[in-house]
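Provided below are the primary sequence and the corresponding predicted coordinates.
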Amino acid sequence: MVKYICLEFFFIKKFIIGSNIYSKLMIEVCKAKISDVEHIIPLWRKLIIYHKKMIEKNRPELDPFFVLKKDGEKISSDFIKRQIRSKNGTILIAKDKNQIIGYTNLIIKDNIPLFNIDKIGEIIALFIDEQYRGKKISTLLFQESKEWFKQKHIKHVMLNVSPDNYHVKEIYEHLGFSSFLHDMRIII
């Protein structure tokens, strides 16, 4: 049985994760700062590689939709910096011993104007470094994401997940997400 203990210091939360004294981790979850971007980008790169391999293996016809621009990394870095500075977006990071091991990218956006829900939260990305997977760190980041959205008075949250990413789909379903629409694409 994995247990969590949450310790709050100012705007930083530290979680002790583990089932016994030998397997405990001290995970810190906090908002990213501009100085963290250079450490988030390697995780972003791993996320892109992970998705690229999945597409090549399962749906090679969709590969053109996932080809990055030559300056894609700089564009992503600039976007992350804007998210950190934004009142309608943020980046939350998970750290183990001051090393960033995971992150989530959150944004608040306008919903389609004909619906009652004006604003909707979106989890653009949630990624945990491979060696830290299976330790419920994605759950911690999601719980903190929910808190951030609640502070912004957002009650409805969405995300996109590849239909071939079975394990991650299961995690999101376990966290309470339900399938809503199915994105389909074609090259003409």
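Yep, it's here. Numbers count the residues shown, from 1 in each chain.

mind listing what the spatially most central residue of the chain touches?
Central residue of the chain (CA atoms, centre = their mean): residue 126, 1.6 Å from the mean position. Residue 126 sits next to 102, 103, 104, 105, 138, 141, 142, 145, 159 when contact means CB atoms under 8 Å, 6 or more residues apart in numbering. Every C-beta, even on glycine, is put in place using the N, C-alpha and C of the backbone.

Three-state assignment for it, please.
Classification of residue 126 using DSSP: H, G, I helix; E, B strand; the rest coil returns strand.

Looking at the strand ranked longest in the chain now, give me its mean pLDDT.
Taking DSSP state E as the criterion, the chain has its longest strand at strand 99-110. Here strand 99-110 scores 98 as its mean pLDDT.

Show me what it is packed against.
helix 37-58, helix 72-85, strand 89-96, strand 119-128, helix 137-151 (3 or more CB pairs under 8 Å, 6 or more residues apart in numbering; DSSP states H and E).

These into a markdown table, with extra columns for mean pLDDT and distance to residue 172?
Converted to a markdown table, these look like this (pLDDT from 0 to 100; distance: least, CB to CB, whole Å):
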| stretch | mean pLDDT | distance to residue 172 |
| --- | --- | --- |
| helix 37-58 | 94 | 15 |
| helix 72-85 | 97 | 21 |
| strand 89-96 | 97 | 16 |
| strand 119-128 | 97 | 9 |
| helix 137-151 | 96 | 9 |
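
on that earlier part again, could I get the buried residue list for the longest strand of the chain?
100, 101, 102, 103, 104, 105, 106, 107, 108 (16 or more other CB atoms under 10 Å).

how about the fifth one, what does it touch?
Listed by CB under 8 Å, 6+ apart, the contact set of residue 104 reads 91, 92, 123, 125, 126, 127, 141, 142, 144, 145.

wait, what's in contact with the last one?
Each residue near residue 145 by CB under 8 Å, 6+ apart is listed here: 92, 104, 106, 123, 126, 157.

Quick check, the third one in contact with residue 121.
Yes. Taking CB atoms under 8 Å as the definition, residue 106 is a contact partner of residue 121 at 6.6 Å.
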